[in-house]
Each structure stands twice: as C-alpha cells, then as structure tokens.
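Enquirer: make a model of this:
(2 chains)
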Amino acid sequence: MRPAAATHPSNSSSHSQQEPRAANPLLLLPSSRAAKLSLGCPILDRLLSGGLPAASVTEIAGESASGKTQLCLQLALVAPLSPMSSSCLFLHSDLPFPLRRLRGLAPKSRPDLLDHVLVAAAHSTSDLLSLLSRAQHLLTHPNDSPRRLPIRLILLDSIASLFRADFDASPADLRRRSALFFRISAKLKELAHRHQCVVVVTNQVVDVVEGETGNTVEWSSGRRVSPALGLAWANCVNTRLFLTRDADGPNGCSRRRMKVAFAPHLPERACEFAIRRDGVFGVEPSER
Amino acid sequence: MEIADLPICTSHRAKLLAAGYSSLAALSAADPPRLALDLNIEIPEAEDILKIAVCANKFKGADGPSSVIKGAQNAWDMLSDEQSRKHINTGSGDLNNILGGGIHCKEVTEIGGVPGIGKTQLGIQLAINVQIPVECGGLGGKSVYIDTEGSFMVERVYQIAEGCISDILEYFPHYQNKAPSGQEKLKPESFLADIYYFRICSYTEQIAVINYLEKFLGEHKDVRIVIIDSVTFHFRQDFDDMALRTRVLSGLSLKLMKLAKTYNLAVSCLPY
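Expert: The predicted structure follows:
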C-alpha cells in the first residue's frame, strides 16, 4: 500500500533507500496457506495444521534419542517431493552426520533424492554465522546451480551443541551467549522471511530441579526437563515442538509424544508417534 | 475558540453549555445521535452543529486568547476528553475491566510476558477488534501491525476475524440486515485488508519504520491502533554500548508517545 505521495523526485536525493512499504495481509493469505512443509505423515500434519510453516523458525526440542534427528532427516527427504519442491541445507553441529540412516530412509526407487541435501558442519557459533552468510548468497543466486532445486528448507541440528563448550556460567559469558542467540535467530528469521524458507532448529534438554522458570517444562523419561539455552532462546523461536518419551507404553516399549509447546497459529495439543525403519510416523491412540 | 464564539443560534448555544459541552474538544468527540439526545434536538440539527464545530477547529490555530501557551487545556476539558474517549475491546471482559474499559487511545500500552503466553494473540485480537464498526460499539478504525519476529500468521488472523464477526452477529443480529447503504457485509477478508502490515528484519529498519509512521499516519487518518511485536527483539544483539541502546529505545518510545497523542491512537508494544 504505497502512498501516492512517495513519488516526489525531490525526496529521492535525501532518501537513498526506499521508504518502508506496508503489506496487505489479504494478499499474503493464499501464499501462506500453500507454503507449509508436510512432515510426510497425515497424523503429524494434522497436529501442525498442514505442516511446518514457511518464513518462520520452528524448534524441535527433546532429550537424546527422542527422534529429533530422525525427523530432520525425514524432512530433508520429503522436501523435494512436496509441493514446495525444494532442496535442503542441513547444518549439523553434532558429529558425525548420520549418512547411513539418511540412505536407509530414502526410497529405493529414488536414490537421486540425496542430491538435494546439502550438508555442512558447524563447529562453533562463528562457523555457523559464516555458513549462514554463505547460505544467504546461495539463496539469492539460485541460478548458479541450475540442476538443483531451490533451497527452501534449512535444518540446524542442534543449536545447543554449539553453546555447550565455549561458554562458562559467568555473567559476562551468559550475556555474550544471549547476544549470540539473538544474532543467530535474527539471521535465520531474515533468511526465512526473504526467501520464504522453512527453518527447523533442534535443541537438547536440561533437567529442571525446582521452581518455575517460565520456560516449557515437560515430563520425559520420568523426570522434568526443559529445553536448553533458557528463556532467552525461547524468545528467539516462533514455534516450539517438544518430543517426550515415557517408559510405560504397551509391551514395555516407550511411548513417544510430540507436543506443540507454543505456536502463533496452533493450539496446545499433542499426539503420539513412533519411529520405524521407514521414518517417523504419527500413531492414532486406538492403534496401540 | 470557545463554544460562545461558534456561529450557532443562541438557544443551541445555551443547550450546549447546559449539557456540559464547555469546549470544542468535548464537542468534537461527540457523535450526532448522542449530541441530539443530550440537547434534546433533532439529529440533522446536531449534525449541523458538529459541522460548524469542525470548521471552527480548523481555524483554531489562528487565535487563542484564552490559552497562555498554544495547546494548553484546562483539567476540566481533559477530564471530559478522557471520559468521552472510546476504548478498544480486548476480547476479555475481565481484562477490559482492569484496563478501565479496554486499551486506551492516546496512550502507549506495554504487554509483556514469557514466550507462549499469548502476547502475539492479544496483539492480533486488538488489530481485529479496533475494526469493529461504530454501530456495534467499536472504533471502526484500521490498524498498523509492525512485526519484528515473524509471528504474524495470516491464517490465524483469518480465524480470529471470523470469530470476531460471529461475535458481532451474536450481539447485533440485526446488523446484517440494516447495514447502511454502500457498506458491504462483514467479511473476514475486509478485516484482513484493513491491517497495514510491516515486516522488519533489523533495528535500523525498525527505527526507519517508526520515523516513517508519522508521515504514514498523516495520510491514513483512520488508523486507530499501532501494534509493535516486539519492540526489543532487534536490540538484544550487536549493541555493545548499553548507553546508546538505552538512548535509542527511549527516543523510540518518546516518538511513539507523541504519535499516540497527535493522531489519537493506541500504541501497543509487546517487548521481549
């Protein structure tokens, strides 16, 4: 909705950049409805009202072996086949990259799906920031590699590992750490917005000893846990999905749940899921 | 200019003063049906009086012998101003009560809380509720939504708009039938179209948008609320000099307060 008054030629000398432009949400409506990345399972998609939203940062938090990396690998393989038709950029800080599992998940008939997964290792936060700058270049110049689908999915596995080693608990370091959260998150959100990407970040959990922190707290494996990196990081993500595990399922095997901790467009609800050889799939409660 | 100087007939002037309209400010906040009721006159006559008052307001700057400093008001005028001002419904009766009727115009309201508690939802609700038509008790205005975090989900706004419309039809079932001529039926699409949405990705863009707002609001006089979600996100990184950050943020908040007072709108900041 650009006002007509903004076309004065005399203004152009003083404003070297364009004036801010107001967008009309009505025009954004059809594209936002279409731009959701399905998880590859109808039950999980129903939990998320269609899938993961574009132009938004989604966090998947859970304890180790709860299925976060499995879900990321599944998304990487689903993206080229989905209506979004995109490649994915997989930034991993947990070494090594699970290549064998990725090969195992890809359908036998389509080995070429692996061509659309770009993998890069980030060993520290400065690595990550430089990788994101390179990613920005890749996204703004998609024609440099015409044979590859455009990148519309960015996965970061996991954000917590980057911060575990380099930072003490002193106030100065915590301040430095918080400033980095916001910097990384602002960079991710900018990429998500400018190129309409789906950004997924995985996070580990820490035990909650006592008291209310204001952060998400869930029961998993018989103890109370909360996503790592605290309240500061919780402000940096748009949507948070929490994966929990209980040992009291049928036949002694674990019961896994995916819960929407908070999201701007979803109510708080949960569903059960299972990790099978061919991927992560939701389970109807009656199917147990 | 006083009521006494308005070019209206003596009986109307006496009725205005008797009903408590002692200044042009109080008169300009009234609408024709209310004025007609207060003065016990016909609605067309009330409309005429208001038209004359509006013209008189335009020339107000030329002479002001009654005020020592230009723009000074006495407290009685300010009180009648405040009492006649409309509030923006938050959607919750209890919340409206503790806010004194709703979100106030001409004020900056800050809404804070932990992530996931509902700040963005409240912001979107306000952006929709400000558009409730005047006949149904709302302000009938438009809204500006400045999004720094990307949490403005259009499909959620659509859902909230649908909910608001069904609420309006529940309380005013005759609204659809006797909508004034030329006005369309209530639809979620029209609610969405009346939100001016800015997406900003850095603190420089944030400062630029708030500076630009003055010009934008001058051109779009029907905006009644500005929602900023969230004010502080981009200021929590890259600012090594805390004193500079404080100065910039204070400057922003002063600008917002000035905008709120000048354009008679509510500003809602959702920090964090």
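
Enquirer: so which residue of chain B comes closest to chain A?
Expert: With Cβ to the nearest Cβ as the measure, B:G116 is the residue of chain B nearest to chain A, at 2.9 Å. Where you see a C-beta, it was placed from the backbone N, CA and C, and this is true even at glycine.

Enquirer: backbone dihedrals for that residue, please?
Expert: With angles defined as degrees, to the nearest 10, B:G116 sits at phi 90, psi 10.

Enquirer: which residue is the nearest non-sequential neighbour of A:K189?
Expert: B:G150 (5.2 Å; Cβ to Cβ, 6 or more residues apart in numbering or on different chains).

Enquirer: and the nearest residue to the residue of chain B closest to chain A once chain neighbours are set aside, what does it touch?
Expert: Of all residues not flanking B:G116 in the chain, A:F262 sits nearest, at 2.9 Å (Cβ to Cβ, 6+ apart). Taking Cβ atoms under 8 Å, 6 or more residues apart in numbering or on different chains as the contact definition, A:F262 lies against A:216, A:239-240, A:268, B:115-116.

Enquirer: what of B:H104?
Expert: Here B:H104 is in contact with B:85, B:87, B:266 (Cβ under 8 Å, 6+ apart).

Enquirer: what strand or helix carries residue 261?
Expert: Chain wasn't specified; assuming chain A. strand A:255-262 (DSSP states H and E).

Enquirer: sorry, should have said chain B
Expert: helix B:242-263.

Enquirer: quick check: mean pLDDT of that helix?
Expert: Per-residue pLDDT over helix B:242-263 has a mean of 89.

Enquirer: report all helices and strands that it contacts.
Expert: In terms of contacts (3 or more Cβ pairs under 8 Å, 6 or more residues apart in numbering or on different chains; DSSP states H and E), helix B:242-263 is packed against strand B:108-110, helix B:203-219, strand B:223-229, strand B:266-270.

Enquirer: and it, which residues are buried?
Expert: B:245, B:248-249, B:252-253, B:255-256, B:259-260, B:263 (16 or more other Cβ atoms under 10 Å in any protein chain shown).

Enquirer: next: stretch B:148-166.
Expert: The neighbour-count check on stretch B:148-166 (16+ other Cβ under 10 Å) flags B:148-158, B:160-161, B:164-165 as buried.

Enquirer: go on, stretch A:199-206?
Expert: A:199-205.

Enquirer: those residues in helices, which ones?
Expert: Among the buried residues of stretch A:199-206, DSSP state H puts none in helices.

Enquirer: JSON lines please, covering those residues and showing distance to chain B.
Expert: Formatted as JSON lines, those follow (distance: Cβ to the nearest Cβ, whole Å):
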{"residue": "A:V199", "distance to chain B": "10"}
{"residue": "A:V200", "distance to chain B": "14"}
{"residue": "A:V201", "distance to chain B": "14"}
{"residue": "A:T202", "distance to chain B": "17"}
{"residue": "A:N203", "distance to chain B": "13"}
{"residue": "A:Q204", "distance to chain B": "18"}
{"residue": "A:V205", "distance to chain B": "16"}
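
Enquirer: buried residues in the helix or strand of chain B with the lowest mean pLDDT, which are they?
Expert: Here the helix or strand of chain B ranked lowest by mean pLDDT, DSSP states H and E is helix B:24-28, holding a mean of 72. Neighbour-count burial for helix B:24-28, with 16+ other Cβ under 10 Å as criterion, is recorded at B:24-27.

Enquirer: between these, which sits nearest A:K36?
Expert: Nearest to A:K36, judged by Cβ to Cβ, of the buried residues of helix B:24-28 is B:A25 at 50.4 Å.

Enquirer: packing partners of the helix or strand hosting A:F163?
Expert: According to DSSP H and E, A:F163 maps onto helix A:159-164. Contact here means 3+ Cβ pairs under 8 Å, 6+ apart; on that basis helix A:159-164 packs against helix A:125-140, helix A:171-195, strand A:198-203.

Enquirer: show me the shaky parts of the stretch 101-250 of chain B.
Expert: Low-confidence segments of the stretch 101-250 of chain B (pLDDT under 70): B:176-185.

Enquirer: close to chain A: what parts of it are there?
Expert: Counting by Cβ under 8 Å from any Cβ of the partner chain, the stretch 101-250 of chain B comes close to chain A at B:114-116, B:120-121, B:144, B:149-158, B:189, B:192-193, B:195-202, B:205, B:208-209, B:212, B:215-216, B:219-220, B:233-234, B:236-238.

Enquirer: please indicate which of those residues are buried?
Expert: Buried among these (16+ other Cβ under 10 Å): B:114-116, B:120, B:144, B:149-158, B:192-193, B:195-201, B:205, B:208-209, B:212, B:216, B:220, B:233-234, B:236-237.

Enquirer: now, those that are in helices?
Expert: B:120, B:154-158, B:192-193, B:205, B:208-209, B:212, B:216.

Enquirer: excluding sequence neighbours, find me the nearest residue to A:H92.
Expert: A:D157 (4.9 Å).

Enquirer: err, B:P188, not the other one
Expert: B:A161 (3.9 Å).

Enquirer: show me the contacts for the one you found.
Expert: B:128, B:188, B:191-192.

Enquirer: same thing but at 10 Å, please
Expert: A:25, B:124-125, B:127-128, B:131, B:186-192, B:194-195 (Cβ atoms under 10 Å, 6 or more residues apart in numbering or on different chains).

Enquirer: same check on B:D48?
Expert: Contacts for B:D48 (Cβ under 10 Å, 6+ apart) come out as B:8, B:12, B:32, B:41-42.

Enquirer: chain B contacts on the stretch 51-200 of chain A?
Expert: Residues of the stretch 51-200 of chain A found near chain B (Cβ under 10 Å from any Cβ of the partner chain) are A:53, A:55-57, A:178-194, A:199.

Enquirer: figure out the helix or strand that A:F90 lives in.
Expert: Per DSSP H and E: strand A:87-92 holds A:F90.

Enquirer: quick one: name whatever helix or strand follows that strand.
Expert: helix A:99-105.

Enquirer: neighbouring contacts of that following helix?
Expert: A:40, A:69-70, A:72-74, A:76-78, A:90, A:98, A:111, A:113-114, A:117, A:119, A:277-280.

Enquirer: where along the stretch 1-150 of chain A do the strands fall?
Expert: A:36-37, A:52-53, A:56-62, A:87-92, A:117-121 (DSSP state E, counting those that start in this stretch).

Enquirer: paired strands for the third one, with orientation please.
Expert: Strands flanking strand A:56-62 in the sheet, each with its direction: strand A:198-203 (parallel), strand A:239-246 (parallel) (DSSP bridges).

Enquirer: how about the second one?
Expert: For strand A:52-53, sheet partners with direction are given as strand A:36-37 (antiparallel), following DSSP bridges.

Enquirer: for the stretch 51-200 of chain B, which segments are assigned as helices?
Expert: B:75-84, B:93-98, B:119-129, B:154-171, B:188-193 (DSSP state H, counting those that start in this stretch).

Enquirer: kindly reformat those helices as JSON lines containing distance to A:H123.
Expert: Listed next are those as JSON lines, based on distance: least, Cβ to Cβ, whole Å:
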{"stretch": "helix B:75-84", "distance to A:H123": "60"}
{"stretch": "helix B:93-98", "distance to A:H123": "48"}
{"stretch": "helix B:119-129", "distance to A:H123": "35"}
{"stretch": "helix B:154-171", "distance to A:H123": "38"}
{"stretch": "helix B:188-193", "distance to A:H123": "45"}
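
Enquirer: relative to B:E47, which of those helices is closest?
Expert: helix B:75-84 (17.6 Å).

Enquirer: quick check: buried residues in the closest one?
Expert: B:80-81, B:84.

Enquirer: TSV for those, including distance to B:E135 and pLDDT?
Expert: Formatted as TSV, the buried residues of helix B:75-84 follow (distance: Cβ to Cβ, whole Å; pLDDT from 0 to 100):
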residue	distance to B:E135	pLDDT
B:S80	24	82
B:D81	23	79
B:S84	18	75
